[in-house]
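Trainee: got a predicted structure plus its sequence, pasted below:
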Amino acid sequence: MAEECRFRIGYALAPKKQNSFIRDSLLKLAGSRGVDLVKIDPTLPLVDQGPIDCVLHKLYGEEWKRQLEEFRLRNPNAAIVDPPDAIERLHNRISMLQVVSDLRIESRNETFGIPKQIVIYDNETLFDGQAWESLKFPVIAKPLVADGSARSHRMNLVFNHDGLNKLRPPIVLQEFVNHGGVIFKVYVVGQYVRCVKRKSLPDVSEEKLGVSESVLSFSQVSNVASNEKVDDKYYKMMHLDDTVMPPQSFLTDIAKGLRHALKLNLFNFDVIRDARSGSRYLIIDINYFPGYAKVPGYETLLTDFFLDVVNKNEKVVVKVTSSDKDIRKIVSDNFCSDGNEIGPDETEIQS
Ligand SMILES: O=P(O)(O)O[C@@H]1[C@@H](OP(=O)(O)O)[C@H](OP(=O)(O)O)[C@H](O)[C@H](OP(=O)(O)O)[C@H]1OP(=O)(O)O
Ligand SMILES: Nc1ncnc2c1ncn2[C@@H]1O[C@H](COP(=O)(O)OP(=O)(O)O)[C@@H](O)[C@H]1O
Ligand SMILES: [Mg+2]
Ligand SMILES: [Mg+2]
């Protein structure tokens, strides 16, 4: 009898991410479907860490990029999810949302975009009213860099000119949009798309704008203790039950467009519904490899994706890591790491 063909997915994650993502429930489900998740030690050469069909990673730095490149050259049939260059685009809050502005999606009832925003690199421009004449208070000041550090999540809600004194460029000034205090977090895992609701900043009324403090600082407002997020209690506690979800097909179309434009498989994006119009949606943030474990049923979602990657059911976009050439490689090999044939090759080359 032919031996069972198993696949090895290597993961290279920071300790915090590893603790939240690599749960027994995921290891068990993936294992029962022929996928073994194995830990990569980034301090050792990647190429020496056994056969790997796919590398999953959320680590940065030149040394790690060099390791991935070496691995790619030595293992042309393995997948790297995702290419470092593509991930880096999300580390700047301007380039991150540029992709959304360029996206065209056909929808009969809903529209989408990004809030009005400008980038400020220095104090001179910050206090030059002309530079941001087009924006209306309140605005959110976000660090330009979104590299996952605590600092990059530190935001200021600025109600008037006095509040500008507290800001430290480089920042993005983005118009605050009232949205009923609920944010939609749309999780993308390859071709799979799941949306969950979370608490957000409350609306700011015109009256409040006149009498409030000049600035309010906050950080990761949608993040509460992770276990609370997925159960009914959390939804009731935050009064999220009454909020109607955006149409799934609309979100799926945006997700698909972003996935191809960004050349990424693992990300989420934050969406708010403009309170002035029930059908206008704004994308305000995109995050690489977010907290998937907070999505109900994430084990199935991720295992399905791993099987898509290794079985080449889905087009997986892999990009050269350390050259200027933007080569997108479709995983087209027909063999698992021990050389057993697994079936006909159904992948297509994307233009
Ligand atoms: O820590 P978690 O599980 O809450 O996940 C964070 C995400 O929370 P979310 O899944 O959106 O609720 C979080 O999303 P937000 O920025 O809160 O929208 C980020 O993706 C964060 O990664 P980084 O600090 O930006 O590199 C994610 O942090 P890392 O786990 O990647 O450090
Ligand atoms: N333009 C905006 N209008 C209203 N609320 C916003 C806007 N931008 C951000 N927020 C609120 O601030 C939070 C943090 O902003 P976000 O850009 O998602 O940063 P982070 O990368 O730290 O998650 C969001 O989850 C949302 O609650
Ligand atoms: Mg966010
Ligand atoms: Mg973010």
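Mentor: Here it is on my side, so go on. Numbering: from 1, shown residues only. Ligands and ions are numbered 1, 2, ... in the order given.
Trainee: backbone dihedrals for Glu110, please?
Mentor: With angles defined as degrees, to the nearest 10, Glu110 sits at phi -100, psi 150.
Trainee: look up how far Ala14 lies from it.
Mentor: According to CB to CB, to the nearest Å, Glu110 stands 36 Å off from Ala14. In short, each C-beta sits where N, CA and C put it, glycine included.
Trainee: of these two, give the one with the bigger neighbour count.
Mentor: Just comparing Glu110 and Ala14: by other CB atoms under 10 Å the higher neighbour count belongs to Glu110, 19 against 12.
Trainee: helices and strands around the helix or strand hosting Ser249, which ones?
Mentor: Ser249 is part of helix 248-262, with elements assigned from DSSP states H and E. Here helix 248-262 touches helix 93-102, strand 182-189, strand 192-199, strand 266-273, strand 280-288, going by 3 or more CB pairs under 8 Å, 6 or more residues apart in numbering; DSSP states H and E.
Trainee: is any residue of the fourth one near ligand 4?
Mentor: Just to be clear, that refers to strand 266-273. No. Using CB under 5 Å from the ion, strand 266-273 stays clear of ligand 4, with a minimum separation of 7.1 Å.
Trainee: circling back to that earlier point, any buried residues in the helix holding Ser249, and which?
Mentor: 250-255, 257-259, 262 (16 or more other CB atoms under 10 Å).
Trainee: residues of the protein that sit close to ligand 4?
Mentor: 285, 287.
Trainee: in the chain, what residue is nearest ligand 1?
Mentor: Gly291 (2.2 Å; CB to the nearest ligand atom).
Trainee: give me phi/psi at the nearest residue to that residue once chain neighbours are set aside?
Mentor: Once flanking residues are discounted, Gly291 sits nearest to Ser20: 5.9 Å by CB to CB, 6 or more residues apart in numbering. Note on Ser20: backbone dihedrals following degrees, to the nearest 10 are phi -80, psi -30.
Trainee: Ser20 - how many residues pack around it?
Mentor: Here the number of neighbours of Ser20 (other CB under 10 Å) works out to 14.
Trainee: could you pull out the strands for the stretch 1-150 of the chain?
Mentor: 7-13, 35-39, 54-58, 79-81, 111-113, 117-120, 139-143 (DSSP state E, counting those that start in this stretch).
Trainee: what about the last one, average pLDDT?
Mentor: Taken as a whole, strand 139-143 has a mean pLDDT of 97.
Trainee: give the burial count for whichever residue of the chain sits closest to ligand 3, as a bare number.
Mentor: Minimum separation of the chain from ligand 3 (CB to the ion) falls at Asp285, amounting to 3.5 Å. If you count neighbours by other CB under 10 Å, Asp285 ends up with 20.
Trainee: that one: what's it in contact with?
Mentor: Contact analysis of Asp285 by CB atoms under 8 Å, 6 or more residues apart in numbering lists 93, 96, 146, 269-270.
Trainee: could I get these as CSV with pLDDT and distance to Ile87?
Mentor: Formatted as CSV, these follow (pLDDT from 0 to 100; distance: CB to CB, whole Å):
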residue, pLDDT, distance to Ile87
Arg93, 98, 15
Met96, 98, 11
Ala146, 98, 11
Phe269, 98, 14
Asp270, 98, 17
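Trainee: return the member of the residues you listed nearest to ligand 2.
Mentor: Nearest to ligand 2 among the contacts of Asp285, with distances taken as CB to the nearest ligand atom, is Asp270, at 4.6 Å.
Trainee: list the contacts of the closest one.
Mentor: 183-186, 222, 283-287.
Trainee: what sits opposite it in the beta ladder?
Mentor: Lys185, Asp285 (DSSP bridges).
Trainee: mean neighbour count and distance to Arg168 added to the strands of the stretch 1-150 of the chain, as CSV?
Mentor: Shown next, in CSV, are the strands of the stretch 1-150 of the chain (neighbours: other CB atoms under 10 Å; distance: least, CB to CB, whole Å):
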stretch, mean neighbour count, distance to Arg168
strand 7-13, 21, 30
strand 35-39, 16, 38
strand 54-58, 22, 27
strand 79-81, 24, 35
strand 111-113, 16, 28
strand 117-120, 19, 10
strand 139-143, 22, 8
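Trainee: of the ones you listed, which is nearest Gly278?
Mentor: Closest to Gly278 of these is strand 111-113 (CB to CB; 11.0 Å).
Trainee: and that closest one, how far out from the chain middle?
Mentor: 18 Å (CA atoms, centre = their mean, to the nearest Å).
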